[in-house]
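J.: after the sequence you'll find the predicted model.
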Amino acid sequence: MRRLKFRRVADSLPNEPRRRRQAVIRWIYIAGVVGLAAVLGDIFVGSLFYLRSEGLVVGDPAVIAAEFPVTIREIRVHQGDHVRAGDIAAIVSSQSVTEAIARLTGELASREVRLSELRVRGETVDAILGFAETRHLIAANARKELETLMGRGLLPIDKRTAAVETEYRSEQDLGGLKAEKRVIEDEVGSLAGVLGEARTAIGELRRLYGEGRMRSPIDGIVGRVAAEQGAVVRAGEPLFEIYGEQRYVLGYLPTGGLHDIKPGDGVTIETGLQTAEGIVARVEPIAAALPREFQGAFSPVERQQVLRIEFAEGETPLPLFTKVRLRSGIVLPHWIRWIW
């Protein structure tokens, strides 16, 4: 028997190209939905699972400030200049320092004169003291001999009275000289200590004033210049801000996330299309106010925990005061890792 071949009707043939196209569209749609969900999830809850914050590139700061009221005579550095420790940043003058040095020098000179007088008087007392002791010894021996003669009836009583009076005066003079010597020694010792402190104070004042030369305390880059030539600056007001050459990122760690950030973790530092790798050096136990660049004009002052991030070895540090974005890999908390 001949086998019959099944023939399909033409209008029931499967449309395979259309079915394949629909599958591709379906997968594209699913991928788009998943991608959109991932983007939205990253926007709204991504910061819970990894570090996403902002920071500033800064250096260890130092301030050149006046210890006393000064007048700016000359400014030798400008913003952005590289300086070395000891370089002269400005020349200043201070009338108050000049008057203080003159007054202290005058007081020092008067005390030195007084010290010289005391030492001369002490040497005089030392020279007389030996004769006073000899005089007192002779007077005491004379009185004893006169009392012996008086006891034998060979001498009137008025002679004994004169001898006692002479011995008394010699004893009085000797005691006065000894007391004066002790007082002079004490006063010389205390005055010498005061003179030493006065000389130290004058030397320290001259060192701080430095003949009006304000010097840089560290190697670095001049930041803000807060003084102008001819201006009068009060004591304690900063003249210059200098940032150390070793730059790092001062970042801010939003609290309340599910991720753990600890020293040694890697961080990506981004600014525009430029990226650099960094390492968390320290997580400060404080919450500091964010810079004005990170806050709205009318919003209350926001505070966040501070991070210090060093640039990784081989990375070129970004310029000072560059505003950067900080990102880390997804860091799961301990309890999620344990469950996983």
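T.: Noted; the coordinates are in hand.
J.: tell me where the longest helix sits in this structure.
T.: As assigned by DSSP state H, the longest helix anywhere in the chain is helix 95-151.
J.: which SS state does G329 fall under?
T.: coil (DSSP: H, G, I helix; E, B strand; the rest coil).
J.: that one against V267, yeah?
T.: No. With contacts counted by Cβ atoms under 8 Å, G329 stays clear of V267, the gap being 9.1 Å. C-beta coordinates here come from the backbone N, C-alpha and C atoms, glycine included.
J.: comparing the two, which residue is more hemmed in?
T.: V267 (26 against 12; other Cβ atoms under 10 Å).
J.: the more buried one contacts F311, doesn't it?
T.: No. Because the distance of 10.1 Å does not satisfy Cβ under 8 Å, V267 is recorded as not touching F311.
J.: identify the contacts common to these two.
T.: E277, G278 (Cβ atoms under 8 Å, 6 or more residues apart in numbering).
J.: still on that earlier bit, give the rounded mean pLDDT of the longest helix of the chain.
T.: Here helix 95-151 scores 82 as its mean pLDDT.
J.: swap in stretch 250-258?
T.: pLDDT averaged over stretch 250-258 gives 74.
J.: for the helix or strand in which L174 is found, packing partners?
T.: Per DSSP states H and E, L174 falls inside helix 157-209. If you count contacts as 3 or more Cβ pairs under 8 Å, 6 or more residues apart in numbering; DSSP states H and E, helix 157-209 packs onto helix 95-151.
J.: tell me what the helix it packs on is packed against?
T.: Secondary elements touching helix 95-151 (3+ Cβ pairs under 8 Å, 6+ apart): helix 157-209.
J.: now the following helix or strand past the helix it packs on: mean pLDDT?
T.: Remark: after helix 157-209, the chain's next helix or strand is strand 213-215, criterion DSSP H and E. In this model, strand 213-215 carries a mean pLDDT of 88.
J.: now do stretch 81-90
T.: 89.
J.: swap in stretch 59-76?
T.: Mean predicted confidence for stretch 59-76 is 87.
J.: rewinding a little: model confidence over the helix holding L174, on average?
T.: 82.
J.: going forward, the N-terminal residue is numbered 91.
T.: Okay, residue one is now 91; in that scheme the one you just asked about reads as helix 247-299.
J.: residues contacting R259?
T.: By Cβ under 8 Å, 6+ apart, the contact set of R259 is A229.
J.: one more time with 10 Å, if that's ok
T.: R225, H226, A229 (Cβ atoms under 10 Å, 6 or more residues apart in numbering).
J.: before we move on, the earlier item: overlap in contacts of G419 and V357?
T.: Y140, L141.
J.: about what we covered before: let's have the contacts of R259 in TSV, adding neighbour count and distance to V123.
T.: Shown next, in TSV, are the contacts of R259 (neighbours: other Cβ atoms under 10 Å; distance: Cβ to Cβ, whole Å):
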residue	neighbour count	distance to V123
R225	18	122
H226	20	120
A229	20	125
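J.: between these, which sits nearest T406?
T.: The closest of the contacts of R259 to T406 turns out to be H226 (Cβ to Cβ; 90.9 Å).
J.: isn't the closest one right next to Q262, touching?
T.: Yes. Between H226 and Q262 there is a contact under Cβ atoms under 10 Å: 9.4 Å.
J.: where in the stretch 291-430 of the chain is pLDDT low?
T.: 346-349, 377-393, 420-430 (pLDDT under 70).
J.: so how far is G362 from the residue nearest the centre of the chain?
T.: For the chain, the residue nearest the mean C-alpha position is A152 (8.1 Å; Cα atoms, centre = their mean). A152 is 30 Å from G362, where distance means Cβ to Cβ, to the nearest Å.
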